[in-house]
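Asks: Build me a model from this:
(one chain, ligands or ions: 1)
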Amino acid sequence: MTSVWWIRRDARLADNPALLAAQEDGPAAAVFAWSRGVHLWSGRRRAHLARALWSLREDTGGVVGVRRGDPADAILAVAREHDARTVFAAREASPAGIRAQDAVAAALEVDGRELRLVGTPYAVAPGRVVKGDGTEYKVFTPFSHAWREHGWHAPAEHADPGGFARVESDVDLDQAAAHGDADDLLAERHEFREERVLAAWDDYVAGDLARYATERDRPDLDSTSHLSVPLAYGQIHPRTVLAATAAVRGEAARRLESELAWREFHADVLFRHPSAQHESLTPALPDDAWATGAEADEAFMAWRDGRTGFPLVDAGMRQLAATGTMHNRVRMVVASFLVKDLHLPWQRGASYFRRALLDYDHAQNQLNWQWVAGTGRDAAPFFRIFNPTSQAERYDPERRYVERWVAEVDTPAYPAPMVDHAAERAVALADLKRGKEARAAR
Ligand SMILES: Cc1cc2nc3c(=O)[nH]c(=O)nc-3n(C[C@H](O)[C@H](O)[C@H](O)COP(=O)(O)OP(=O)(O)OC[C@H]3O[C@@H](n4cnc5c(N)ncnc54)[C@H](O)[C@@H]3O)c2cc1C
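Replies: Next up, the predicted model:
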């Protein structure tokens, strides 16, 4: 009997419980729905997705299908073609992901078929980690302890690459992969083959991981895992990552696990508070605190284009435009600069990141922006105002990162700082104080 595997954020054969379930009683008809939503993605992300799907198709003898249309239509059509009673897929926890799976389940049900959700893109499904009284953890550290205590399954076995039924495609993946990013080209192409992603991770565990605890904040040394891109497209599962780190002793492996716990925490927060995708969880600032009008637009463009006159901010924004990624420390600095120095709402920065990041992940992006803005789930957000100059001195001491991305930094062509950081910091703190007083008075 053929079942359908609806490919979502999990274009991989390794450690994929939904795919294994679909192959249990016979070959799986695998299909990805190339929906209107995908057309709204940036060209660089769409092209990377096409390459990841192309790679999966290569690995399965060319039988994986990619169908134009919204999931409810595309998945139902393939289920009918293969006379499949059951469709298997990973459960998503984001608002858009939940909407899509509800729509697919409803379309299948009226046709006498069934959607079964198996596994999630997380080690522990969002919503599962709860306090003794069943309520959510609002703060990261206790969440991460409870998350570790909860634990997770060992990685699932590798799926059978020969266990697929052919699904015809109506999307030209070669075309999408080759030309999808023609107007949005990256300086370097990121790895998109599952086998190589896994091999690169094995190499990392055997090599650079040892430096992670001491160097993870150094953009000039670039010794982080670079897992965020394959995690975003589901080419590796966090459980696979955690199984490897569990076998390594020492601070570095624990640190990396803790970063993955942030990924799980943010997914949990968004699952419980879907409005956090657009609205501040804690509206820390009064409404009149935000800059508006033409001057604000110009400031935004200077930030976006890496022309602020603060070398670390400009280096980060140029790295983002050129490569689709940015080192985490620098993401925090540029985000803080937009919100606390330029007084622009975090949503504006988050929406530019959505266009520019190759590792864009809705929960991680929106909640990290809220963390920096001090509007998220945080005990002491008040003083999180990054000084772009001292951050550069501390984390890029020889200026190697800055000089790589801002070649003209020491020439007259480089602009003077667009704001006085100390003055803008004082404004931000005064705004935060007003916001706090207004909330207390309510
Ligand atoms: C404003 C802002 C926006 C961000 N947007 C995204 C995004 O859209 N997608 C995304 O994957 N990450 C995002 N991050 C988190 C982080 O910057 C990236 O995950 C990290 O830089 C990726 O590099 P790496 O894989 O080498 O990380 P490593 O340091 O090697 O970490 C390993 C993994 O842990 C997870 N991780 C690390 N730091 C964080 C964090 N702060 N929050 C959540 N998970 C984390 C990631 O999955 C990462 O791949 C954002 C951070 C900020 C401050």
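Asks: who's in contact with the spatially most central residue of the chain?
Replies: Centroid-nearest residue in the chain: D361, 2.5 Å away (criterion: Cα atoms, centre = their mean). When contacts are counted by Cβ atoms under 8 Å, 6 or more residues apart in numbering, D361 is found next to 228, 231-232, 263. For the C-beta atoms, the positions are set from N, CA and C on the backbone; glycine is no exception.
Asks: so which of those residues also contact the ligand?
Replies: Applying Cβ under 6 Å from any ligand atom to the contacts of D361, one finds that 228, 231-232, 263 fall near the ligand.
Asks: pLDDT and neighbour count added to the residues you listed, as CSV?
Replies: Formatted as CSV, these follow (pLDDT from 0 to 100; neighbours: other Cβ atoms under 10 Å):
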residue, pLDDT, neighbour count
S228, 98, 18
L231, 98, 22
A232, 98, 22
R263, 98, 21
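Asks: where does the chain have low pLDDT?
Replies: 180, 379-383 (pLDDT under 70).
Asks: From the recorded domain assignment, give the ranges for it.
Replies: Per automatic domain parsing, the domain ranges recorded for the chain read 3-120, 122-155+195-272, 287-441.
Asks: quick one, which of those is packed in tightest?
Replies: Greatest average neighbour count among the domains of the chain goes to domain 3-120 (a mean of 20), per mean count of other Cβ atoms under 10 Å.
Asks: sorry, back to before: would you mind saying which of the domains of the chain lies nearest A165?
Replies: Nearest to A165, of all these, is domain 3-120, at 4.2 Å by Cβ to Cβ.
Asks: how about the closest one, does it get close to the ligand?
Replies: No - using Cβ under 6 Å from any ligand atom, domain 3-120 never reaches the ligand; the gap is at least 10.5 Å.
Asks: quick revisit: just send the domains of the chain back as JSON lines, with distance to Q175 too.
Replies: JSON lines is the format used below for the domains of the chain (distance: least, Cβ to Cβ, whole Å):
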{"stretch": "domain 3-120", "distance to Q175": "8"}
{"stretch": "domain 122-155+195-272", "distance to Q175": "19"}
{"stretch": "domain 287-441", "distance to Q175": "20"}
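Asks: Looking at these, which is nearest to D181?
Replies: For the domains of the chain, the distance to D181 is smallest for domain 3-120, at 3.7 Å, taking Cβ to Cβ.
Asks: chain center to stretch 73-90, what's the gap?
Replies: Distance, stretch centre to chain centre, for stretch 73-90: 28 Å (Cα atoms, centre = their mean, to the nearest Å).
Asks: how long is it from one end to the other?
Replies: Across stretch 73-90, the terminal residues are separated by 18 Å (Cα to Cα, to the nearest Å).
Asks: Please report the distance of whatever residue of the stretch 1-150 of the chain ends up closest to the ligand from T245.
Replies: In the stretch 1-150 of the chain, the residue that lies nearest the ligand is F140 (9.7 Å; Cβ to the nearest ligand atom). Look at F140 and T245: by Cβ to Cβ, to the nearest Å, they are 19 Å apart.
Asks: who in the stretch 151-300 of the chain is up against the ligand?
Replies: Neighbours of the ligand within the stretch 151-300 of the chain, by Cβ under 6 Å from any ligand atom: 216, 224-228, 231-232, 256, 259-260, 262-263, 266.
Asks: Sheet partners, orientation included, of the lengthiest strand in the chain?
Replies: Longest strand in the chain by number of residues (criterion: DSSP state E): strand 28-34. Sheet pairing here is set by DSSP bridges, and for strand 28-34 it gives strand 3-7 (parallel), strand 65-68 (parallel), strand 164-165 (parallel).
Asks: what's the next helix or strand after it packed up against?
Replies: Next in sequence after strand 28-34, counting helices and strands by DSSP states H and E, comes helix 36-39. If you count contacts as 3 or more Cβ pairs under 8 Å, 6 or more residues apart in numbering; DSSP states H and E, helix 36-39 packs onto helix 43-59.
Asks: tilt between the helix it packs on and strand 28-34?
Replies: Using axes from the mean of the first three to the mean of the last three Cα atoms, to 10 degrees, the direction of helix 43-59 lies 170 degrees away from that of strand 28-34.
Asks: which parts of the stretch 301-442 of the chain sit against the ligand?
Replies: 328, 331-332, 335, 353, 357, 359-361, 364-365, 368-369, 372.
Asks: would you list those in CSV and tack on secondary structure and distance to M418?
Replies: Compiled in CSV, these are given as follows (DSSP: H, G, I helix; E, B strand; the rest coil; distance: Cβ to Cβ, whole Å):
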residue, secondary structure, distance to M418
N328, helix, 24
R331, helix, 20
M332, helix, 19
A335, helix, 16
F353, helix, 20
L357, coil, 24
D359, coil, 28
Y360, coil, 27
D361, coil, 30
Q364, helix, 28
N365, helix, 25
N368, helix, 24
W369, helix, 21
V372, helix, 19
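Asks: Just the closest of those residues to G97, please.
Replies: Proximity of these to G97 was ranked by Cβ to Cβ; the top entry is D361 with 11.3 Å.
Asks: quick one: the closest one and P219, what's the gap?
Replies: D361 is 20 Å from P219, where distance means Cβ to Cβ.
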